[in-house]
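1. the sequence and its predicted three-dimensional model are supplied below.
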Amino acid sequence: MTYENSRRDFLKTASLGLASIPMVNPSVVKSGTLAEETKQKKVELAIATITCDGFGDENFEHAFNIIPNLPYKNIEFNCWYGRNLTPDGIRSIRQRCQQHKVKPVCVQGSSFGAAGNIVKDVAHKLWNMEAARQLGCKRVKFTGAGRGTEGGLEAVIQVLKEIAPAAEEMDMLILVENHASNNIENIEDYDKIFSAIASPNVGMCMDNAHFDGANVDLMEVVNRFHSRILHIDLKETERKGIHKVVPFGQGVTNNAAVVEKMLSYGFKGYLLVEMVLNENNEVKQQELKKAYQLFQKYER
């Protein structure tokens, strides 16, 4: 199947749309709001736990203290530490989501990286898919390792070839995220990935600030890959060619232009606020509320 021919099949799978429609959230069933779940919007805002926890192993304590006080209801969990992915860890995430009436929509695992032996990476990605399934999500997200390390882009493609059939069987979407100075960084990298992986269950998480940080034209990415973009990360970088996250309105990243263009192409998926700011909790909450107000109008 060629890249162009796979686009129609991909859109069919993408119509799974938001992460949890067939996998009903246990809290939804318990509360008797199944009808509300099935009326889910095609485009919704979400927030990443990294916005509250930063990069440390916080067991999502900050996230669960802050996010329930914000207007966001959809959460992407950055499961980068061992205890996040144990059976107890997964159970704890699920129970706390039910307690706070928030919804897990995606599991982001640690990056692709094989360095000549893909077995461990394949197993890791498969378990992330199982963790997502247990949480009622249909999305997992991974970026790459540093540019030219851990087997390079070739290792990423090898792993994707192995796990794509499992994603199809599990009805799971694999989101491949770009980062500056990374094995998954630019348009050429995605050309190689999508040429090698025809599966409609493998798509792009478009991180706007990281593309700006890598001096990649955002509109060129959208126009070329719009049918394979399923998830959009919203944050701003200070200037082109440098990935340094700053509050919305203080950087150069034109998130609004990307979202509006993607909506014109019929985008379905999540708009994810993923900014990481080293501020106190009060300031952090103000910034995250501001972000919600900026992008809420794009929900459909």
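-> Done, it's in.

2. look at the residue nearest to the spatial centre of the chain and report its pLDDT.
-> For the chain, the residue sitting closest to the mean C-alpha position, by CA atoms, centre = their mean, is Lys141 at 5.0 Å. If you check Lys141, the pLDDT there is 98.

3. swap in Val276?
-> So, for Val276, pLDDT stands at 83.

4. same question for Val102.
-> Looking at Val102, its pLDDT reads 98.

5. and if you look at the one 3 residues further on?
-> You'll see Val105 listed with a pLDDT of 98.

6. let's number from 287 now, not from 1
-> Done: numbering now begins at 287, and the last item shifts to Val391.

7. in which helix or strand does it reside?
-> strand 389-394 (DSSP states H and E).

8. what pairs with that strand, and is each one parallel or antiparallel?
-> Strand 389-394 pairs in its sheet with strand 360-364 (parallel), strand 425-428 (parallel), by DSSP bridges.

9. and the contacts of the helix or strand that comes right after the last one?
-> Right, the one you point to is strand 425-428. Toward the C-terminal end, the helix or strand that comes next after strand 425-428 (DSSP H and E) is helix 438-456. Residues from elsewhere that reach helix 438-456 (CB atoms under 8 Å, 6 or more residues apart in numbering): 398-402, 404, 407-408, 411-412, 415-416, 419, 430, 437, 458-460, 462, 469-470, 475, 478-479, 482-483, 485-488. Yep, even glycine has a C-beta here, placed from its N, CA and C like the rest.

10. tell me the spacing between Val507 and Pro373.
-> Counting by CB to CB, to the nearest Å, the gap between Val507 and Pro373 amounts to 38 Å.

11. after the strand holding Val391, next one along is what?
-> By DSSP H and E, the next helix or strand past strand 389-394 is helix 405-421.

12. any idea how far that following helix is from the middle of the chain?
-> Counting by CA atoms, centre = their mean, to the nearest Å, helix 405-421 is centred 15 Å from the centre of its parent chain.
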